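Colleague: My questions are about this predicted structure, shown below with the sequence.
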Amino acid sequence: MPDNTWLAGGPNPDHDSYEITAPLPAGTFTGVMLHTLPDPSLPGESLGRYPNGNYVLSDIDAEITAPGMKEPLEAQFTFAQADYEQKGWEVEYIVKDKPKRGKGSKNKQGWAVDGPTKKSRGQQSSDARRSPCRRMRR
C-alpha cells in the first residue's frame, strides 16, 4: 500500500499463512510488533477478513539470515502482549508451549480481536518478544 502497510486480499481460507521478508537493523533482534488497522474494504470496516471482521493469530515464527550463514537462526518467542484480547483468545496463546509444538505445527488456539467491536477502537497491537540471542537455536 502507499503508506507501507500490507492489506491481505484474495481468497479467504479458514487457515492461512503470511510470510513477510524485511531487513533488520544492526543490533540485537528482540521481537516483532504487529499493528492491525481497520480498513473500509474489510467486513464491518474492521480489522480482519472473517465475515464479522475478526481474525485469529495462532502462531508467529521468525528466522534470521545473513550472507555467509549456513543456516538461518530461528527465534524462540517467549513472551507476548497485546492492547486488547478477546476473552478466551488471549495473546499468550501465540507463544504458549511453542517449543513443544515446534515450527510449523498448528496451534489450536490463538489471539483474537473480537472483530465486530473493533471499529470503535481503531488499531490493535501485538508484541511478541524473544529471549536474548543465546536462546536462539541453529
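Modeller: Happy to help now that I have it. Numbers count the residues shown, from 1 in each chain.
Colleague: could you list every residue that touches the nearest residue to residue 58 once chain neighbours are set aside?
Modeller: In space, not counting the residues next to it along the chain, residue 58 is nearest to residue 110; the distance is 3.3 Å by C-beta to C-beta, 6 or more residues apart in numbering. Where C-beta positions appear, they are placed from N, C-alpha and C, glycine not excepted. Residue 110 is in contact with 56, 57, 58, 59, 89, 93, 94, counting by C-beta atoms under 8 Å, 6 or more residues apart in numbering.
Colleague: what's the burial count for residue 38?
Modeller: With neighbours defined by other C-beta atoms under 10 Å, the count for residue 38 comes to 19.
Colleague: Would you agree it is in contact with residue 47?
Modeller: Yes: contact criterion C-beta atoms under 8 Å: residue 38 and residue 47 qualify, at 5.6 Å.
Colleague: For residue 113, give me phi and psi.
Modeller: Dihedral angles phi and psi of residue 113 (degrees, to the nearest 10) take the values phi -120, psi 10.
Colleague: What count of nearby residues applies to it?
Modeller: There are 26 residues near residue 113, going by other C-beta under 10 Å.
Colleague: So it sits against residue 48, correct?
Modeller: Yes: under the criterion of C-beta under 8 Å, residue 113 makes contact with residue 48 at 6.9 Å.
Colleague: Just the pLDDT at the spatially most central residue of the chain, thanks.
Modeller: The residue lying closest to the centre of the chain (C-alpha atoms, centre = their mean) is residue 60, at 5.2 Å. For residue 60, the model assigns a pLDDT of 85.
Colleague: Can you tell me the element it falls in?
Modeller: Using DSSP states H and E, residue 60 sits in no helix or strand.
Colleague: contacting residues around it?
Modeller: Contacts of residue 60 by C-beta under 8 Å, 6+ apart are 32, 34, 77, 94, 95, 128.
Colleague: which one of the residues you listed is nearest residue 84?
Modeller: For the contacts of residue 60, the residue nearest residue 84 by C-beta to C-beta is residue 34; the value is 12.4 Å.
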